[in-house]
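Engineer: Sequence and predicted structure below; questions after.
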Amino acid sequence: MVLKLFIYSLCILLSLNVAADTQTKDTNSPLIQKIEAIDYDLLELETQLDMGIDAFEVGLDANKIKSQLLYFEYQLGTPRGGDQQWNESEQMILDAKVKLEALQEKMKVEGDWGRVRFRVQDFGGSDPGAVKLRYN
């Protein structure tokens, strides 16, 4: 009798645990879809940058994506104690942040070279023929 009661209570606990486990996966599913959309947006921004579209507009879109990623991180909350595994949504957010950082570095490098101006000073003066760098 006691063994039967123990088995029934164990089955109920396991079924509740499985139900709770599927509920967390269902709530993260829309979040994963939103992060996948951000991943595609990052790819589109990189393509736009390669095509020569204004880096300022690409930068604005990149900042919007960065704020969305921070919001999604806030929605996920902090990991619970003892949880060493990254779940899928956390891994996708991390990948998107790495791609965003690479895009921003690419914009910075290409943008900085667009602002550097070289000018050769005239041959008269203290240092004739010197190259003067000017950063606008």
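Structural biologist: Received it, and whenever you're ready, just let me know what you need.

Engineer: List the buried residues in the helix or strand hosting Glu101.
Structural biologist: Element membership of Glu101, judged by DSSP states H and E, is helix 88-115. Buried residues in helix 88-115, counting neighbours by 16 or more other Cβ atoms under 10 Å, are found at Ser89, Glu90, Met92, Ile93, Ala96, Lys97, Lys99, Leu100, Leu103, Met107. The C-beta positions use only the backbone N, C-alpha and C, and glycine is treated the same way.

Engineer: Near the closest residue to the second one other than its chain neighbours, how many other residues are there?
Structural biologist: Computed as Cβ to Cβ, 6 or more residues apart in numbering, the closest residue to Glu90 that is not its neighbour in sequence is Leu76, at 6.4 Å. Summarising burial for Leu76: neighbours were counted as other Cβ atoms under 10 Å, giving 13.

Engineer: Report pLDDT for Leu76.
Structural biologist: pLDDT for Leu76: 79.

Engineer: Surely it touches Glu88?
Structural biologist: No - the pair formed by Leu76 and Glu88 falls short of the contact definition of Cβ atoms under 8 Å, at 11.0 Å.
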